[in-house]
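Asks: here is the input, now give the coordinates:
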Amino acid sequence: MAHVKKGHLVGSPEWWKHLRRIVKRQFWKRHRKVEKREAKDTRAW
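Replies: Got it, this is the predicted structure:
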């Protein structure tokens with residue numbers, strides 16, 4: 001981010017790029033946990 005001037009806030013696309021992988025991994029981890037929980041609940045019936 002060398003092109004960002006000192007004292008200016010960074011635009012969202014610039015800081016979001018390096019977080020995309022992490023956020024995707026967290027999302028799918030939560031998604032799998034919810035699926036497992038729902039499967040467990042349906043088996044209980």
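
Asks: quick one: the helices in this structure?
Replies: Remark: helices assigned in the chain by DSSP state H are 12-16, 20-44.

Asks: rank the ones you listed by mean pLDDT and give me the bottom one.
Replies: Lowest mean pLDDT within the helices of the chain: helix 12-16, a mean of 67.

Asks: still on that earlier bit, can you lay out the helices of the chain as TSV showing mean neighbour count?
Replies: Glycine gets a C-beta too; all of them are placed from N, C-alpha and C. Shown next, in TSV, are the helices of the chain (neighbours: other CB atoms under 10 Å):
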stretch	mean neighbour count
helix 12-16	10
helix 20-44	9
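
Asks: what score does Gly7 have for pLDDT?
Replies: 63.

Asks: list the contacts of stretch 17-29.
Replies: Stretch 17-29 is contacted by no other residue when judged by CB atoms under 8 Å, 6 or more residues apart in numbering.

Asks: restrict it to CA atoms and write it as PDB.
Replies: Presented in PDB, the C-alpha positions along stretch 17-29 are these (Å, rounded to 0.1, in the frame of the first residue of the first chain):
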ATOM      1  CA  LYS A  17      -7.600  -8.300  -0.200                       C
ATOM      2  CA  HIS A  18      -5.300  -9.800   2.300                       C
ATOM      3  CA  LEU A  19      -8.100 -10.800   4.700                       C
ATOM      4  CA  ARG A  20     -10.200 -12.600   2.000                       C
ATOM      5  CA  ARG A  21      -8.600 -16.000   2.600                       C
ATOM      6  CA  ILE A  22      -9.000 -15.900   6.400                       C
ATOM      7  CA  VAL A  23     -12.600 -14.700   6.300                       C
ATOM      8  CA  LYS A  24     -13.500 -17.500   3.700                       C
ATOM      9  CA  ARG A  25     -11.900 -20.100   6.000                       C
ATOM     10  CA  GLN A  26     -13.800 -18.800   9.000                       C
ATOM     11  CA  PHE A  27     -17.100 -18.700   7.100                       C
ATOM     12  CA  TRP A  28     -16.800 -22.300   5.900                       C
ATOM     13  CA  LYS A  29     -15.700 -23.500   9.300                       C
END
